[in-house]
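S.K.: structure of the sequence below:
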Amino acid sequence: MPTGVQAAAAYLRELLLRPGRYRRKWEQYAERSRRGQVNQLAVAEVLAHYLWEHPRAQGDVDVLPRQLKDTASRALSGKLLSQATLTLFTDAFGFGTSERERLLKLWEGSARRRSRRWPCTTITTWARTGCRSGTGSSTSSKPSSTASTGCPTGPIPTP
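M.R.: Numbers count the residues shown, from 1 in each chain. Just a heads-up that it's a prediction; the model follows:
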């Protein structure tokens, strides 16, 4: 199972490879492209241009694309993707809110855990209410009946 960083890197590559504005943004700097691969130097060029316009630290206005190639390579491979680097990518490419949120959740490693759901709700809610829908009012630690909780699907079965 991939780590959160690896999952975020995979989604980042997916976003940059999809036809559209994100791909066009780095392709304008690519001298050559290989099908199914992101050109890391072209991505580094996008990051450098962004930093020239929006410096975050002293020296950002002088950074060269080749200096960011390793950062881009490590980020896209999932070897090293810090939150600061992820933010740089999201800002430089202008990712939308939902894409930013998903990348961050993946990076945090929480997207997979939070998506582990029963048909109506999370296991955590069931543990509190004894009901899959989370609408139950039961305070008992045992799953209660559909009638007493109002849950249309009943209690979660025990494995």
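S.K.: buried residues in stretch 2-22?
M.R.: By neighbour count with 16 or more other CB atoms under 10 Å, stretch 2-22 contains the buried residues 4-9, 11-13, 15-16, 22. From N, CA and C alone the C-beta is placed, and that goes for glycine too.
S.K.: can you pull the domain assignment for the protein?
M.R.: 4-114, 117-159 (automatic domain parsing).
S.K.: what strand or helix carries the closest residue to Thr90 other than its chain neighbours?
M.R.: When the adjacent residues along the chain are set aside, Thr90 lies closest to Arg100, with 4.9 Å between them (CB to CB, 6 or more residues apart in numbering). Under the criterion of DSSP states H and E, Arg100 resides in helix 97-108.
S.K.: for that helix, the averaged confidence score.
M.R.: Averaged across helix 97-108, pLDDT comes to 96.
S.K.: going forward can the numbers begin at 10, since that is how I track them
M.R.: Right, with 10 as the first residue, what we last looked at is helix 106-117.
S.K.: by contact count, what packs against it?
M.R.: Helix 106-117 sits against helix 13-26, helix 92-102, helix 119-123, with contacts defined as 3 or more CB pairs under 8 Å, 6 or more residues apart in numbering; DSSP states H and E.
S.K.: out of those helices, nearest to Leu50?
M.R.: helix 13-26 (13.2 Å; CB to CB).
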